[in-house]
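Undergrad: just to be clear, the model below is a prediction. Sequence and coordinates:
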Amino acid sequence: MNASAASGAPTHRVVRVFPDARATAQAAAELFVARAADAQARRGVFHVALSGGSTPRLFHAMLAASPLRDQVDWSRIQVFWGDERCVPPDHPDSNYLMARETLLDAVPIPPERIHRMRGEEDPASAASAYEDELRAVFATAPGETPRFDLIYTGMGPDGHTLSLFPHTAALSVTDRLVVANYVPQLNASRITFTTTLANHAALVAFVVTGADKAPALAQVLEGPRDPRRYPSQLIAPAGELLFLLDQLAAAQLTHIA
Ligand code: 6PG
């Protein structure tokens, strides 16, 4: 975790508010195009982690269609997920299935560059295997943390992000990149990036829409620091932190900083 995150001081945070969910999704999709081109120009490959839940459906669909689809070099992208439910890849709750149906089946990414979390396996084993796969794909040295060009994430009405839910064990894990996290609120386990991995990213982009997110978002962005209750406060990347919001989700913010 970087110094600012450890100290609780905000990193370089940008909050952009759009009129509605569609405009927010357009911004999220255009961000993908821009960051992919930048990463591919600099290092020849774009490392991105997709978010789960339902919010990404809209911007995935925009990315999967012209003109944005045609502006991406899909052959030089490594795709990961920031978290996954502990279900098979064909289960309706699978974040992998959602991304496949809304984006990946419509674009020419080589299958070996799509790295899904194996939700059908034992959570701890799947988390450990995913961490190994991450390290292999990024070719990081022992002890080095992979740096994503872009991690997309969402936020629940309870202030969780990735599968870092309030008062759960994964919130305090700093010596791993990916862990299994039992979530009593769901009576289920999840597989999730830790803050160590997320906070090493060049950019973490929250995409948050809808009135049901407004109370938690106001607490996360403007309330007292209480990261065990509002885990989204733990996300303070070494690079940039971006919130892409619609007006409904931003309705209780008093200032946009
Ligand atoms: C998940 C997500 C989770 C999600 C939020 C928001 O697996 O559920 O990763 O963190 O981003 O719960 O979900 P919605 O987009 O459905 O509101």
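TA: Structure's in. What do you need?

Undergrad: give me every residue in the stretch 51-200 of the chain lying close to the ligand.
TA: Near the ligand, the residues belonging to the stretch 51-200 of the chain are 51-55, 83, 85, 95, 154-156, 160-163 when assessed by Cβ under 6 Å from any ligand atom. No exception for glycine: its C-beta is placed from N, CA and C like everyone else's.

Undergrad: buried ones in the helix of greatest length in the chain, by neighbour count?
TA: Longest helix in the chain by number of residues, with DSSP state H as the criterion: helix 21-43. Going by neighbour count (16 or more other Cβ atoms under 10 Å), the buried part of helix 21-43 is 21, 23-29, 31-33, 35-36, 39-40.

Undergrad: sorry, back to before: the residues of the stretch 51-200 of the chain next to the ligand in helices, which ones?
TA: residue 95.

Undergrad: report the buried members of the residues of the stretch 51-200 of the chain next to the ligand.
TA: Of all these considered here, the ones buried according to neighbour count by 16+ other Cβ under 10 Å are 51-52, 55, 83, 85, 95, 154-156, 160-163.

Undergrad: any chance of the residues you listed in TSV, plus pLDDT?
TA: Rendered in TSV, the data for those read as follows (pLDDT from 0 to 100):
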residue	pLDDT
51	98
52	97
55	98
83	98
85	98
95	98
154	98
155	98
156	98
160	98
161	98
162	98
163	98
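
Undergrad: which among these gets closest to residue 206?
TA: Comparing these against residue 206 with Cβ to Cβ picks out residue 155 as the nearest, at 5.9 Å.

Undergrad: next, the contact list for the closest one, please.
TA: Taking Cβ atoms under 8 Å, 6 or more residues apart in numbering as the definition of contact, the neighbours of residue 155 are 161, 206, 208, 213, 216, 217, 220, 232.

Undergrad: bridge partners for the third one, pull those for me.
TA: What that stands for is residue 208. Counting by DSSP bridges, residue 208 is bridged to residue 245.

Undergrad: for it, give its distance to the ligand.
TA: Separation of residue 208 from the ligand (Cβ to the nearest ligand atom, to the nearest Å) stands at 8 Å.

Undergrad: surely that residue meets residue 243?
TA: Yes: A contact is recorded between residue 208 and residue 243 when judged using Cβ atoms under 8 Å, the distance being 6.7 Å.

Undergrad: and the closest residue to the ligand within the stretch 101-250 of the chain, what does it touch?
TA: Of all residues in the stretch 101-250 of the chain, the one sitting closest to the ligand is residue 154 (2.4 Å; Cβ to the nearest ligand atom). Listed by Cβ under 8 Å, 6+ apart, the contact set of residue 154 reads 51, 52, 53, 55, 56, 161, 206, 207, 208.

Undergrad: distance of it from residue 169?
TA: Residue 154 sits 21 Å away from residue 169, taking Cβ to Cβ, to the nearest Å as the criterion.

Undergrad: same question, residue 184
TA: In this view, residue 184 and residue 169 are 10 Å apart by Cβ to Cβ.

Undergrad: what about the strands in the stretch 151-257 of the chain?
TA: 178-183, 188-193, 203-208, 240-246 (DSSP state E, counting those that start in this stretch).

Undergrad: possible to save these as a markdown table with mean neighbour count?
TA: Formatted as a markdown table, the strands of the stretch 151-257 of the chain follow (neighbours: other Cβ atoms under 10 Å):
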| stretch | mean neighbour count |
| --- | --- |
| strand 178-183 | 22 |
| strand 188-193 | 26 |
| strand 203-208 | 25 |
| strand 240-246 | 23 |
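
Undergrad: helices of the protein, start to end?
TA: With DSSP H, the ranges of helices along the chain come out as 3-7, 21-43, 56-63, 95-102, 123-138, 195-198, 214-222.

Undergrad: redo these as a markdown table? Include distance to residue 73.
TA: A markdown table is the format used below for the helices of the chain (distance: least, Cβ to Cβ, whole Å):
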| stretch | distance to residue 73 |
| --- | --- |
| helix 3-7 | 32 |
| helix 21-43 | 6 |
| helix 56-63 | 13 |
| helix 95-102 | 19 |
| helix 123-138 | 17 |
| helix 195-198 | 25 |
| helix 214-222 | 34 |
